[in-house]
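A.B. asks: pasted the sequence and its predicted model underneath.
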Amino acid sequence: MRSPLEFLLIALVVTLTPGPGTATILRVAARDGRRAATSAILGNSAGVLVWGSLSAIGVSSLILASRVAYDGLRIAGAAILLMYGLRSLRARHDPHDGTDQSERAHRPAGWRTGLLTSISNPKLAAFFVALLPQFLVPGRPILPIALAMAATIVALDVVWFSTLAFTVDRARAILGDKLQTRLERISGTVMIGFGLKLASEAR
């Protein structure tokens with residue numbers, strides 16, 4: 001069995017490594033502002049907790065063991081990334097929109113975006129299935145350990161993603177609509193790249 005410190009280091013590396021979650025938060029922050037991005041962070045965190053729970057009861061293992069289930073999840077995840085990425089590239093912004101009103105309207109959408117991106121990511125299933133057995137304590141229930149692992153990842157994600165969202169939001173406020181459009185298109189392009197990569201990956 002590995003130590004909790006080893007898991008913390010692994011989780012930190014995973015959090016800081018750019019992936020679909022990072023691109024999602026950057027996209028929402030650039031498009032709809034910090035409050036909407038915070039909602040997306042909470043949605044992403046809910047997805048991580050779901051995968052942690054599913055790994056404890058064996059559902060993640062079943063998905064990875066089934067070619068059809070895994071490929072279905074992989075294609076769904078790729079489609080979601082491509083959809084959001086293309087929306088970002090096609091977005092048009094009205095500089096006269098009220099920022100506060102726009103952010104309030106987009107908070108539920110931000111939460112759904114974060115949740116969908118997270119819950120449809122087969123890499124999260126693989127992550128928990130690969131790591132969970134290495135940190136199990138003989139004789140102890142599996143679910144609390146899996147949830148503790150997921151909660152650790154969520155805590156790191158919240159700190160890191162909130163920092164990114166705040167930075168993007170401040171940049172939007174200072175540099176204006178042109179930067180907002182540019183950031184959204186960059187994050188959209190990254191999401192499309194991740195989507196295409198996920199769609200083309202083999203087991």
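C.D. replies: Received it, and whenever you're ready, just let me know what you need. Numbers count the residues shown, from 1 in each chain.
A.B. asks: so where is the protein shaky, pLDDT-wise?
C.D. replies: Low-confidence segments of the chain, defined by pLDDT under 70: 1-2, 91-106, 176-177, 202-203.
A.B. asks: longest helix anywhere in it?
C.D. replies: With secondary structure taken from DSSP state H, the chain has its longest helix at helix 142-175.
A.B. asks: which other helices and strands does the helix or strand following that helix contact?
C.D. replies: Sequence-wise, the next helix or strand downstream of helix 142-175 (DSSP states H and E) is helix 177-200. Secondary-structure packing of helix 177-200 (3 or more C-beta pairs under 8 Å, 6 or more residues apart in numbering; DSSP states H and E): helix 20-32, helix 67-90, helix 142-175. (C-beta placed from N, C-alpha, C; glycine too.)
A.B. asks: now do the first one against helix 177-200, angle only.
C.D. replies: In other words, helix 20-32. Taking axes from the mean of the first three to the mean of the last three C-alpha atoms, to 10 degrees, one finds helix 20-32 and helix 177-200 inclined to each other by 150 degrees.
A.B. asks: may I see the buried residues of the next helix or strand after helix 20-32?
C.D. replies: Once the chain leaves helix 20-32, the next helix or strand it forms, by DSSP H and E, is helix 34-56. Buried residues in helix 34-56, counting neighbours by 16 or more other C-beta atoms under 10 Å, are found at 34-45, 47-56.
A.B. asks: which elements pack onto helix 34-56?
C.D. replies: For helix 34-56, the contact count by 3+ C-beta pairs under 8 Å, 6+ apart identifies helix 20-32, helix 59-65, helix 99-119, helix 122-131, helix 142-175 as packing neighbours.
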